[in-house]
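>>> got a predicted structure plus its sequence, pasted below:
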Amino acid sequence: MVMKAWRIKENGISLDKMDTQEVLDSCVKIKIAYASVTLTDRLIAQGKLKCEYPLIPGRNAVGMVVETGINVKNCTRGDMVALKPLSSCGECAKCLDSKNVQCENTLAFGITEAGFLSDFSVVSSDNIIKLPERVNSEDAIFIDCIDIAIEAISKMGLEKGEYLAICGADDLGIIMAQAAMYYQIVPILIDMDPSFLQIAGDLGVYYTINSGEEDTKKQVFALTGGKMAHAVAYMSESNYPFNSSLEYVKNGGSIAICGLSDTLKELNVPIGQVHARGLSIFGILESNKNILSAINMLASKTIIIDALIGERIDFNDVDKELKKEILQGSTYLKTLVRMP
């Protein structure tokens, strides 16, 4: 069977016809309904993020199961599913010890592996999330962001009424703020782009700070009654200056770096200050521990997604989207791709 796929090559981007992969015993074939274009995809297409060519971009997708291998038990033909953006290698010591979430060689679709900007995709049945009917397919593109947000809040050990400073009002940052409110944690969303802060405000995020116009440290001090935030969540794709985030957290607090490491610039962290203040810094890439909670948050409209979609485009216009100029210091939302 022939499929269409966008491929990034050394000399450009093209829509190619290709043979679909064989559906092995533990795999499923998906007819993609929606995919996304992210900042990562643009960086790769414009040669600003290394990869092996040719590469099918696209980290996130939702689609319908059209074929299953004989060993697949978690879905049937006709099911709507979300595709996970990361996969374990299945070969490292952690994977062999059934600790796939701690995989030492995580595979990233659209970066190290073929992504989902194609009309069909074949993946392991372990890499799909079956969607209940009450979850909108467009919203399901963001399940991984909600999973990361829940995991970060859990690892930071935040309790009701405590303050969480979120540096970066991209889609993950705004989702983090909504999840924090659900757990009765007080989010303070910080960014330099007023339009994204307005989106957050419209979604009920009460405390937002435009760091381009306000003294952010002074504002956080005032909002927290002089205590500063109990923790900081730093969005890796936000372009927010990381060292500034250290100013917003109290001594003994924690800082979670959330999102893909591939787009994260080299951080020049003042280790002496971190040590002297007893700060904990850790990364949250993916957990897969909170998928059911993420689905429930979407179904109950605890997390509102619609305003977090930057644009909606047709599959045939993907190349134009990938070539759009990336402005230094700008924040980006996902672009939703409607498949034919």
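Received, thanks. None of the values given here were measured: they were computed from a predicted structure. Numbering: from 1, shown residues only.

>>> domains in this protein, by residue range?
Domain segmentation of the chain under automatic domain parsing yields 2-138+305-338, 144-284.

>>> so can I have TSV of those domains showing mean pLDDT, mean neighbour count and distance to residue 296?
All C-beta spots, glycine's among them, are computed from the backbone N, C-alpha and C. As requested, the domains of the chain are exported to TSV (pLDDT from 0 to 100; neighbours: other Cβ atoms under 10 Å; distance: least, Cβ to Cβ, whole Å):
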stretch	mean pLDDT	mean neighbour count	distance to residue 296
domain 2-138+305-338	90	18	9
domain 144-284	93	19	10
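
>>> in CSV: the ones you listed, plus distance to residue 293.
As requested, the domains of the chain are arranged in CSV below (distance: least, Cβ to Cβ, whole Å):
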stretch, distance to residue 293
domain 2-138+305-338, 12
domain 144-284, 6
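
>>> out of the ones you listed, which is closest to residue 295?
Closest approach to residue 295 among the domains of the chain (Cβ to Cβ): domain 2-138+305-338, 5.9 Å.

>>> now the end-to-end length of that closest one.
Domain 2-138+305-338 has an end-to-end distance of 19 Å (Cα to Cα, to the nearest Å).

>>> residue 3 touches residue 118, doesn't it?
Yes - in terms of Cβ atoms under 8 Å, residue 3 counts as a neighbour of residue 118; the distance is 5.6 Å.

>>> so what sits against both of the two?
residue 18 (Cβ atoms under 8 Å, 6 or more residues apart in numbering).

>>> the most centrally placed residue in the chain: what's it in contact with?
Residue closest to the average C-alpha location in the chain (Cα atoms, centre = their mean): residue 145, at 4.2 Å. Shown in contact with residue 145 (Cβ under 8 Å, 6+ apart): 171-172, 175.

>>> which of these sits closest to residue 199?
Nearest to residue 199 among the contacts of residue 145, with distances taken as Cβ to Cβ, is residue 171, at 9.5 Å.

>>> helices of the stretch 101-250 of the chain, start to end?
Ranges of helices in the stretch 101-250 of the chain, per DSSP state H, counting those that start in this stretch, are 143-155, 171-182, 194-202, 216-223, 242-245.

>>> hang on, isn't residue 8 packed against residue 58?
No - using Cβ under 8 Å, residue 8 makes no contact with residue 58, being 10.3 Å away.

>>> which of the contacts of residue 145 lies closest to residue 133?
Distances from residue 133 to the contacts of residue 145, taken by Cβ to Cβ, are shortest for residue 175, at 22.3 Å.
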